[in-house]
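In: The following comprises the amino acid sequence and a computationally predicted model.
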Amino acid sequence: MAKKTLKKKDPWKLKKWYSVYAPKIFGNQKIADIPATEPEQLIGRVIETTLRDLTGDFTKTHVKLFFKITDVKGESAYTELKKQELLRSYMRSQVRRNTTKVDRIMDVKTKDGRKARVQVTAITAKRVQQSREKEIRNILGNVIKQEASNKDIEQFVLELVLGKIASAAYREAKKIYPLKRVEISKTKIFA
């Protein structure tokens, strides 16, 4: 007797495409289309994009943004910012011979009680002594903590990503020693 062959359903035909949108602070722009069989499968997924894709500014190609899907309504998925970081190749290109890279990693709390871990990097114009390096590190930390305590998480994240907080830290830290630049190299937002 011959065996019956069962037709196998193609799993891709069962999937629907969902549009993923950035948070309100980035203008609710569409950032991706992703497939899923059930909307619940989307929650918790992380989408990676660049700031250039959101703003159209070609000078922001080196800023990577990671969005986590938190809500699905119909065929639309909504996100919140989970992490921001600069490309390693960009950071390496900024450090030259006879300069010093000063890093400061700290946990900050915003006005609305949310927590974030921020890594700020300053690059000096010339080599610097350790005592000056320590002073620069303290000033960077003080500026970031002060900015975080005065803003809610949305304002804080927007100013971090756009570079306003980095420029405020630059203005304060250059009083100690000439700096080439200050960058927020990583930011991670906790739930």
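Out: Thanks, I have it.
In: Show me where this protein dips below the pLDDT cut-off.
Out: Within the chain, the stretches with pLDDT under 70 are 1-2.
In: so the most centrally placed residue in it, which of the three states?
Out: In the chain, the C-alpha nearest the mean C-alpha coordinate belongs to Gln84, at 1.2 Å (C-alpha atoms, centre = their mean). Here Gln84 is recorded as strand under DSSP: H, G, I helix; E, B strand; the rest coil.
In: hang on, isn't it packed against Ser185?
Out: No. Contact between Gln84 and Ser185 fails when scored by C-beta atoms under 8 Å: they sit 9.3 Å apart. For glycine as for every other residue, the C-beta is placed from the backbone atoms N, C-alpha and C.
In: OK, contacts around Asn150?
Out: Counting by C-beta atoms under 8 Å, 6 or more residues apart in numbering, Asn150 makes contact with Lys111.
In: How much space separates it from Ile144?
Out: Asn150 sits 11 Å away from Ile144, going by C-beta to C-beta, to the nearest Å.
In: Report the separation between Thr37 and Lys68.
Out: 20 Å.
In: OK, contacts around Glu133?
Out: Thr100, Val102.
In: What residues sit buried inside the one helix or strand it maps to?
Out: Per DSSP states H and E: Glu133 is located in helix 130-149. Neighbour-count burial for helix 130-149, counted by 16 or more other C-beta atoms under 10 Å, picks out Glu133, Glu135, Ile136, Arg137, Ile139, Leu140, Gly141, Val143, Ile144, Glu147, Ala148.
In: next one: that helix to chain centre, how far?
Out: Centroid separation for helix 130-149 versus its chain: 20 Å, with C-alpha atoms, centre = their mean, to the nearest Å.
In: and Gly163, how many residues sit next to it?
Out: Here the number of neighbours of Gly163 (other C-beta atoms under 10 Å) works out to 16.
In: give me the beta-bridge partners of the closest residue to it other than its chain neighbours?
Out: Nearest non-adjacent residue to Gly163, counting by C-beta to C-beta, 6 or more residues apart in numbering: Ile184, 7.5 Å away. In this entry, Ile184 is beta-bridged to Val120, by DSSP bridges.
In: need the contact list for Ile184.
Out: Counting by C-beta under 8 Å, 6+ apart, Ile184 has contacts Gln84, Leu86, Val118, Gln119, Val120, Thr121, Leu160, Gly163, Ile165, Ala166.
In: Let me know the helix or strand that the last one is in.
Out: Going back to what we said before, that points to Ala166. Counting by DSSP H and E, Ala166 is part of helix 164-173.
In: Compute the inter-axis angle for that helix and helix 130-149.
Out: 140 degrees (axes from the mean of the first three to the mean of the last three C-alpha atoms, to 10 degrees).
In: got the residue ranges for the helices in this protein?
Out: Applying DSSP state H to the chain gives helices spanning 11-14, 51-55, 88-94, 130-149, 153-162, 164-173.
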